[in-house]
Each structure stands twice: as structure tokens, then as C-alpha cells.
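A.B. asks: my questions concern the predicted model and sequence given below.
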Amino acid sequence: MALILAYLLNVVNFFVAAFMILLILIQRGKGGGLIGALGGAGGSSPFGSRAGDQFTRLTIYVAIIWLLLTMIQVKAIFFEATGRGVVTAFPDF
């Protein structure tokens, strides 16, 4: 059961990470972001003047979701591995 959860979280985590990458590329930085690199005006945003604050806030929320999903996925994989006796925290030598 935990292994199925780990595989499902892997797919969800992939899409969250891809969305976060796109959010970061859209943001306007000192150099104008991706829009400035492609030849657009660096000082203006196609999403409005206050879009930078919203994109920053949304990026933080998506990063927190990505981090929590990654931690849950690691726990699920570790639970599955220790449940089958594959991995132990302190191996006996």
C-alpha cells in the first residue's frame, strides 16, 4: 500500500515541480525574467503591475507543497522498505 502511495506521490510531485519551474521562469527579476530574455520589455509584465507579488507568493506556496509531498514520499518509501525487512535503521553486523 505504501509503495502505491509512493508511486502516486512521485507523479504528483513531478507535476508540482514542473509548475514551480514555470512559475519561477515567469517571474520578473532584476534582468526582466524570461520575458526580458526573449526580447520583451524588462520593466513591464504581461500579467499586470502587481503580478510579481502574486507570483512570488504563489511560488512560496507551491514550494511548500512540493517539500511536504517529498517528505511524505520519503516516509512512504522508508515505511515500505522497513516493513519488508529490507532496510533497518541500525543494521546488525
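C.D. replies: On my side now, so go ahead.
A.B. asks: next, count neighbours for residue 26.
C.D. replies: Residue 26 has 18 neighbours, counted by other CB atoms under 10 Å. To be clear about C-beta, it is placed using only N, CA and C from the backbone, and glycine gets the same treatment.
A.B. asks: and the nearest residue to residue 2 once chain neighbours are set aside, how many neighbours?
C.D. replies: Distances taken as CB to CB, 6 or more residues apart in numbering place residue 80 nearest to residue 2, at 4.1 Å, with adjacent residues excluded. A total of 17 residues lie near residue 80 under the criterion other CB under 10 Å.
A.B. asks: pretty sure residue 80 contacts residue 4?
C.D. replies: No. Between residue 80 and residue 4 there is no contact under CB atoms under 8 Å: 9.2 Å.
A.B. asks: contacting residues for residue 21?
C.D. replies: Residues counted as contacts of residue 21 (CB atoms under 8 Å, 6 or more residues apart in numbering): none.
A.B. asks: how far away is it from residue 63?
C.D. replies: 11 Å (CB to CB, to the nearest Å).
A.B. asks: my read: residue 23 touches residue 56, true?
C.D. replies: No. Counting by CB under 8 Å, residue 23 stays clear of residue 56, with 9.1 Å between them.
A.B. asks: for the chain, which segments count as helices?
C.D. replies: With DSSP state H as the criterion, the chain has helices at 2-26, 33-37, 51-83.
A.B. asks: winner for burial among those helices?
C.D. replies: Greatest average neighbour count among the helices of the chain goes to helix 33-37 (a mean of 16), per mean count of other CB atoms under 10 Å.
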